[in-house]
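Peer 1: Here is the input, now give the coordinates:
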Amino acid sequence: MILSRVEISDFALIEHASFYPGSGLTVISGETGAGKSILIDAIGALTGERTSKDFVRTGADKAVLEAVFLDPKAEGDDSEGVFLERVINAQGGTECRLDGHLVRLFELKQTGEQLVSIHGQQDSQIIFREKEHLDLLDAYGREEISPLLSAYEDLRARWKTVKKSLAGLGKDPQERERRLEILRFHYDEIEAAGLHKGEEEELKQRAKVLGARERILRDLDAAHQILGQDDEDSVGTLLEKTLEILEFSSRYSQKIRASQESLQQLTANLAGIRSDLQDFSRRLDIDASELPLVQERLDLINELKRKYGSGEEEILAFQAETGQEIKRLESGEADFRVLSRELLELNEKLADAAAKIHAKRSELAKKLDKDISAELIDLDMPNVKFETIVKTQTVAGLQPFAEKPQQSDAGLLSSDAESRLSDAGFRPSDAGFRPSDAGFRPSDAGFRPSDAGAQPNDGAQSETMLQQRKKGSQQSDWPKNGTDTVAFMISPNIGEPLKPLAQIASSGEASRVLLAIKTVLAAVDKIPVLIFDEIDAGISGKTTGSIARKLRSIAESCQVLCVTHSAQIAASAGKHYLISKKVQSGRTSTDLVLLEGERRVDEIARLLSGQPEDKVTRELARQLLSGG
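Peer 2: All right, here's what the predicted structure looks like:
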């Protein structure tokens with residue numbers, strides 16, 4: 001991406017200005033007080049920097065800032081571009097838009113920081129953040145460090161998988177046995193209950209029936225009397241009489257015979273109904289003591305529901321899952337032994353891989369220091385000392401070894417691996433490594449020191465060492481991309497101690513150090529637009545020429561904008577803009593103009609001597625512009 005266009009309206013002294021920087025080096029110059037910093041402030045506001053209503057031009061309702069970033073390879077297609085807009089209201093508050101959509105300020109800032117890096121006197125820049133230094137060092141030595149990082153990350157991925165599997169099996173046999181005991185109790189409790197689907201509803205219905213037993217028995221007796229044949233007025237007796245009456249007539253009429261047959265069927269059905277009711281009545285009379293048993297069974301089901309689920313289906317599903325976990329834990333003894341040994345081996349391999357990464361980074365750091373120091377000398381800082389510090393970090397929650405193990409057969413660090421780590425300035429504790437991670441002990445899963453060919457005394461030493469973390473926090477993950485932290489340190493003057501890059505007091509020194517780093521790392525830096533605000537302030541002509549060459553070098557791999565007072569820097573740019581003030585109708589405003597031809601010669605001559613009409617100065621200006 002490159003900054004293709006900036007539109008500024010009613011911002012500070014700028015009524016309206018359009019800025020079209022080139023793809024390489026673009027400079028902005030002007031008289032002191034002309035408002036060169038206003039352009040940088042506008043771009044800063046567009047990338048999420050703090051602003052206020054005071055920036056709104058007097059008499060205007062709002063200031064509007066717009067920027068378009070395009071892919072230079074897109075060949076006129078702006079569909080893949082990025083559009084930033086910020087509106088600053090005179091009454092207070094701002095509106096931010098990203099690609100035409102309203103966004104919050106922090107979202108605009110996140111995008112802006114990925115596109116533009118402004119290096120001014122008081123700006124906090126990405127390159128000054130220590131968290132970026134490791135990536136910059138790795139980018140500097142990408143071809144050498146990438147295979148080591150890839151191998152480390154493969155081991156780290158497997159380590160996380162194994163650790164997760166171990167966590168699923170439990171930390172040790174005692175814990176697994178406790179877990180199994182609990183699971184078996186739950187499984188057996190449900191199994192002993194003999195629960196089946198739909199039983200609760202059946203029992204509830206049965207309890208209702210048994211609860212109304214006396215009334216039901218009376219009703220059944222009355223129904224039996226009505227349907228029976230013991231009374232002249234009962235339904236059964238009346239049906240028998242009706243059949244006898246129709247017996248003669250049915251011989252002479254088919255319809256009467258059909259009706260008689262229907263009554264006969266009804267009589268038979270009635271007899272069946274009477275028999276069913278009589279049987280149910282006998283059973284109710286026999287099951288008089290069943291209600292307490294039904295209620296007791298319902299109480300048991302309710303207790304199971306309280307523990308295992310809301311109904312029979314959930315309870316039985318819980319039992320099935322519990323049975324599966326029991327099988328897994330019962331068969332996990334061998335798995336635990338194998339995974340525990342693998343985890344220890346992975347720890348050793350990761351420590352070894354981290355040591356190799358540390359050694360390579362230390363080697364790369366020395367090369368980077370040499371390259372950057374050479375650039376700083378070229379920038380008139382011969383006494384500066386630049387050093388890249390590579391340290392290993394300790395993973396939280398772990399302790400160093402109590403004793404050095406004698407052999408690696410049991411999955412501990414071998415003396416050879418320990419020696420290799422020490423040679424690289426790396427100790428197991430630097431990576432937070434301890435064999436007791438995941439709570440492993442030699443006695444876990446039935447493992448004995450003799451299984452690995454170790455002597456009894458060796459096993460005792462290991463057991464003592466590993467027992468030290470019987471209680472404590474779990475091991476943190478191995479850090480991504482190794483166990484190192486990287487910091488750029490600098491001492492600008494002889495006799496001064498090394499300090500973090502961000503603590504450099506002089507803005508001129510900070511700018512030149514940044515320029516030196518950018519020269520070396522420009523090809524690998526991800527930020528496409530780099531802005532320097534008066535990087536040449538307070539430096540000599542010789543150094544200014546060096547800075548100009550550096551800026552051109554950086555501009556080969558990213559877009560560079562530079563506010564300058566230097567003729568040498570201004571003449572080396574592909575595009576040159578002039579900022580100037582004018583007074584019109586009693587109002588002061590700032591103009592931004594692209595300089596070409598003689599107008600650019602005028603400005604270079606002014607920067608050289610302050611006398612743009614002087615022939616000698618103008619000739620020198622032309623020589624600078626032609627590269628002479």
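
Peer 1: Touching, residue 491 and residue 497? I think so.
Peer 2: Yes - the criterion here is CB atoms under 8 Å, and residue 491 meets it with residue 497 at 6.2 Å. No exception for glycine: its C-beta is placed from N, CA and C like everyone else's.

Peer 1: which of these two has more neighbours?
Peer 2: Taking neighbours as other CB atoms under 10 Å, residue 491 and residue 497 compare with residue 491 leading, 16 against 7.

Peer 1: residues in contact with the more buried one?
Peer 2: 384-385, 497-499 (CB atoms under 8 Å, 6 or more residues apart in numbering).

Peer 1: Nearest to residue 350 among these?
Peer 2: residue 498 (30.6 Å; CB to CB).

Peer 1: one step back: ranking the contacts of residue 491 by neighbours, who comes first?
Peer 2: residue 384 (22 neighbours).

Peer 1: Might one say that that one is in contact with residue 494?
Peer 2: No - using CB under 8 Å, residue 384 is not in contact with residue 494; the gap is 9.2 Å.

Peer 1: re the thing from before, pick out the most distant pair among the contacts of residue 491.
Peer 2: Top of the distance list for these (CB to CB): 384 and 497, 13.1 Å.

Peer 1: What is the subsequent helix or strand relative to the strand or helix carrying residue 164?
Peer 2: According to DSSP states H and E, residue 164 maps onto helix 142-169. On the C-terminal side of helix 142-169, the closest following helix or strand by DSSP H and E is helix 173-193.

Peer 1: okay, the angle between that following helix and helix 142-169?
Peer 2: 50 degrees (axes from the mean of the first three to the mean of the last three CA atoms, to 10 degrees).

Peer 1: And helix 173-193, how far out from the chain middle?
Peer 2: Distance of helix 173-193 from the chain centroid (CA atoms, centre = their mean, to the nearest Å) equals 38 Å.

Peer 1: tell me which residues in it are buried?
Peer 2: Residues of helix 173-193 classed as buried by neighbour count (16 or more other CB atoms under 10 Å): 173, 176, 180, 183-184, 186-187, 190, 193.

Peer 1: of all the residues you listed, which comes closest to residue 37?
Peer 2: Using CB to CB, the buried residues of helix 173-193 come closest to residue 37 at residue 176, 68.6 Å.

Peer 1: Is the closest one in contact with residue 329, as I believe?
Peer 2: Yes - with contact defined as CB under 8 Å, residue 176 counts as touching residue 329 (5.5 Å).

Peer 1: The residue nearest to the spatial centre of the chain: what's it in contact with?
Peer 2: Closest residue to the average C-alpha location of the chain: residue 480 at 12.8 Å, with CA atoms, centre = their mean. Residue 480 makes contact with 153, 156 under the criterion CB under 8 Å, 6+ apart.

Peer 1: Let's see the pLDDT reported for it.
Peer 2: pLDDT for residue 480: 91.

Peer 1: next one: phi and psi at it?
Peer 2: When read as degrees, to the nearest 10, the backbone of residue 480 gives phi -70, psi 140.

Peer 1: Can you give me the distance of it to residue 161?
Peer 2: Separation of residue 480 from residue 161 (CB to CB, to the nearest Å): 15 Å.

Peer 1: give me phi/psi at residue 89?
Peer 2: phi -90, psi 140.

Peer 1: How about it, nearest residue that isn't a chain neighbour?
Peer 2: residue 62 (5.0 Å; CB to CB, 6 or more residues apart in numbering).

Peer 1: What of residue 608?
Peer 2: With CB to CB, 6+ apart, the residue lying closest to residue 608 is residue 567, at 4.5 Å.

Peer 1: What is the neighbour count of that neighbour?
Peer 2: 25.

Peer 1: Would you mind putting the buried residues of helix 173-193 into TSV with distance to residue 10 and pLDDT alongside?
Peer 2: Shown next, in TSV, are the buried residues of helix 173-193 (distance: CB to CB, whole Å; pLDDT from 0 to 100):
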residue	distance to residue 10	pLDDT
173	76	70
176	73	74
180	76	85
183	73	91
184	78	91
186	73	92
187	77	91
190	76	90
193	80	88
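
Peer 1: Could you export those residues to a markdown table, including columns for distance to residue 109?
Peer 2: Formatted as a markdown table, the buried residues of helix 173-193 follow (distance: CB to CB, whole Å):
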| residue | distance to residue 109 |
| --- | --- |
| 173 | 54 |
| 176 | 51 |
| 180 | 54 |
| 183 | 52 |
| 184 | 58 |
| 186 | 54 |
| 187 | 57 |
| 190 | 58 |
| 193 | 62 |
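
Peer 1: can you tell me which of these lies nearest to residue 605?
Peer 2: When the buried residues of helix 173-193 are compared against residue 605 (criterion: CB to CB), the nearest one is residue 176, at 86.2 Å.

Peer 1: how close does the closest one sit to residue 343?
Peer 2: Taking CB to CB, one finds residue 176 at 16 Å from residue 343.

Peer 1: ok, now residue 263?
Peer 2: 87 Å.

Peer 1: Those two: who's more crowded?
Peer 2: Per other CB under 10 Å, whichever of residue 263 and residue 343 has more neighbours is residue 343, with 22 against 15.

Peer 1: That one against residue 164, yeah?
Peer 2: No - the pair residue 343 / residue 164 is not scored as a contact, 10.6 Å apart, by CB under 8 Å.

Peer 1: What is the least confident helix or strand in this protein?
Peer 2: helix 456-467 (a mean of 35; mean pLDDT, DSSP states H and E).

Peer 1: So the chain: which segments form each domain?
Peer 2: As assigned by automatic domain parsing, the chain contains the domains 2-120+522-595, 137-160+345-485, 188-329, 600-628.
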